[in-house]
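Novice: please work out how this folds:
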Amino acid sequence: MADSSRATRLHTAPPTAVADWRDAVFATLRAADIRQVAYVPDSGHSRLIALSHADPHIKTTVLTTEEEGIGLAAGAWLGGERTALLMQSSGVGNCINTLSLATVCGFPLLMLVTMRGTWGEFNPWQVPMGQATPDVLRLAGVVVHEANDAGMAAATVEAAARIAFNSSRVAAVLLSQQLIGTKSFKDDDHD
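Specialist: Numbers count the residues shown, from 1 in each chain. Next up is the predicted model:
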């Protein structure tokens with residue numbers, strides 16, 4: 001379904017002079033003509049989720065489990081809309097079988113993945129999937145970009161969106177724990 005009219009809708013992201021890197025990432029999603037944002041609630045994505053809910057041009061969908069977002073993205077694409085799927089690295093494991101839907105059917109999928117189980121992780125249950133996420137995604141045929149620096153976060157999302165929507169591929173941006181911050185047992189939110 002990759003046609004030239006859809007490919008030309010992706011514009012260069014605005015300068016990242018925005019105060020919060022999350023605001024710059026959201027501006028990049030808007031510039032990429034994202035019309036739907038699907039997510040499993042996650043504190044690492046809380047700012048993007050709030051901005052998506054506040055934008056009247058974006059439909060948000062809370063998912064029960066991450067793989068539902070892949071089906072939602074397929075339906076949105078068939079209806080002429082672009083979707084961003086937000087999840088935590090622990091949810092990547094839930095998507096492995098369903099990622100074949102995007103690959104076999106050839107529709108674009110943009111995933112933003114907040115990483116856990118890496119830099120300074122407090123929760124041992126997050127470590128196995130967090131360590132495996134980049135390799136698991138690559139083995140599933142996903143183009144993987146990593147964002148470790150606030151100044152490059154929006155540009156990294158833009159690059160992944162270009163690959164996803166211009167070549168009908170699955171692309172993921174892994175938002176590192178250095179970027180989103182680490183949690184501790186003292187934090188109120190333990191997800």
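Novice: counting neighbours, what do you get for Gly75?
Specialist: 12 (other CB atoms under 10 Å). Glycine gets a C-beta too; all of them are placed from N, C-alpha and C.
Novice: tell me the mean pLDDT for the strand or helix carrying it?
Specialist: With secondary structure defined by DSSP states H and E, Gly75 is part of helix 68-78. Averaging pLDDT along helix 68-78 gives 97.
Novice: again with stretch 93-103
Specialist: If you average the pLDDT over stretch 93-103, you get 93.
Novice: what about that stretch, how long is it end to end?
Specialist: 16 Å (CA to CA, to the nearest Å).
Novice: select the helix or strand of the protein having the lowest average pLDDT value.
Specialist: Lowest on mean pLDDT, DSSP states H and E among the helices and strands of the chain sits helix 4-7, with a mean of 42.
Novice: and the next helix or strand past that one?
Specialist: Following helix 4-7 toward the C-terminus (DSSP H and E): helix 21-31.
Novice: counting contacts, what elements does that next one pack onto?
Specialist: Under the contact criterion of 3 or more CB pairs under 8 Å, 6 or more residues apart in numbering; DSSP states H and E, helix 21-31 touches helix 46-54, helix 150-167.
Novice: pLDDT weak spots in the chain?
Specialist: 1-19, 183-191 (pLDDT under 70).
Novice: about what we covered before: other SSEs contacting the helix holding Gly75?
Specialist: strand 34-39, strand 82-88, helix 99-105.
Novice: show me what the first one is packed against.
Specialist: Contacts of strand 34-39 with other secondary structure elements, assessed using 3+ CB pairs under 8 Å, 6+ apart, are made with helix 46-54, strand 59-62, helix 68-78, strand 82-88.
Novice: please, which helix or strand holds the residue positioned nearest the centre of the chain?
Specialist: Against the mean C-alpha coordinate of the chain, by CA atoms, centre = their mean, the closest residue is Leu112 at 1.4 Å. Element membership for Leu112, per DSSP H and E: strand 109-114.
Novice: go ahead and confirm Thr156 touches Val173.
Specialist: Yes - with contact defined as CB atoms under 8 Å, Thr156 counts as touching Val173 (5.4 Å).
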